[in-house]
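Chemist: Build me a structure from this.
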Amino acid sequence: QAAVEGRVAFVQDGRAFDCAGNVGLIPDTRYTRARIDRLYGAADRAAIPAAVVRARSAGEQGADYRSYERAQACTDNGFRFSDLPDGGWFLIAPVKADDDVMVLMRRVQTRGGRTVNVTLGG
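Modeler: Predicted coordinates:
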C-alpha cells in the first residue's frame, strides 16, 4: 500500500502560512475532478482564498462523497496518509496567516506501494 507524506510551506507577500486544521485527501474520479476544477479553477494545483472557494458553486455533493474523503490532522505543518491504493488523489489544506485563510490544493499520484513526498505551497 502506498502513502502520501507532506508538509505545508506556503508563503505569500512575505508571510508564512501554517496549517489550519485537517488536510483532506479525495480520490481523483471524473466527478471529483470536475468538482475540484469548479472550486479551485484548476485540477492540478491551486492556492485560493478560502472565501473565494466558499463563494463558488460546485453543486451538492453526491450522497457517498464524504465516505471517500479522508482527513488527517496537520501537526507541525506535516501530514501523512497511509494504506492508499495506486491512483490519483487531491490533497486539500486550509492554511492561515493572521486573519487570512487560503486553501491549497494539489493532485498527487500513488504508484507501486511507494511513499509520495509532497510540499504544499512549495
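Chemist: The closest residue to residue 37 other than its chain neighbours in helix, strand or coil?
Modeler: Nearest residue to residue 37, sequence neighbours excluded (C-beta to C-beta, 6 or more residues apart in numbering): residue 43, at 4.7 Å. All C-beta atoms are positioned from the backbone trio N, CA, C, and that covers glycine. Secondary structure assignment for residue 43 (DSSP: H, G, I helix; E, B strand; the rest coil): coil.
Chemist: do the same with the one 10 residues further on
Modeler: Classification of residue 53 using three-state DSSP returns helix.
Chemist: Do you know the pLDDT at it?
Modeler: At residue 53, the pLDDT value in this model is 90.
Chemist: just for the protein, where's the confidence low?
Modeler: Where the chain drops to pLDDT under 70, the residues are 58-68, 122.
Chemist: just to revisit the earlier point, return the distance of the residue nearest to residue 37 relative to residue 17.
Modeler: To residue 17, residue 43 is 22 Å away according to C-beta to C-beta, to the nearest Å.
Chemist: Could I get the phi/psi values of the residue of the chain most remote from its centre?
Modeler: Distance from the C-alpha centroid of the chain, by C-alpha atoms, centre = their mean, peaks at residue 14 (22.4 Å). Dihedral angles phi and psi of residue 14 (degrees, to the nearest 10) take the values phi 80, psi 0.
Chemist: ok, back up a step: and the residue nearest to residue 37, how far is that from residue 33?
Modeler: The gap separating residue 43 from residue 33 is 5 Å, by C-beta to C-beta.
Chemist: again, but for residue 18
Modeler: Taking C-beta to C-beta, one finds residue 18 at 28 Å from residue 33.
Chemist: For those two, indicate the residue with more neighbours.
Modeler: Neighbour count, other C-beta atoms under 10 Å: between residue 18 and residue 33, residue 33 has more, with 16 against 12.
Chemist: Thank you, goodbye.
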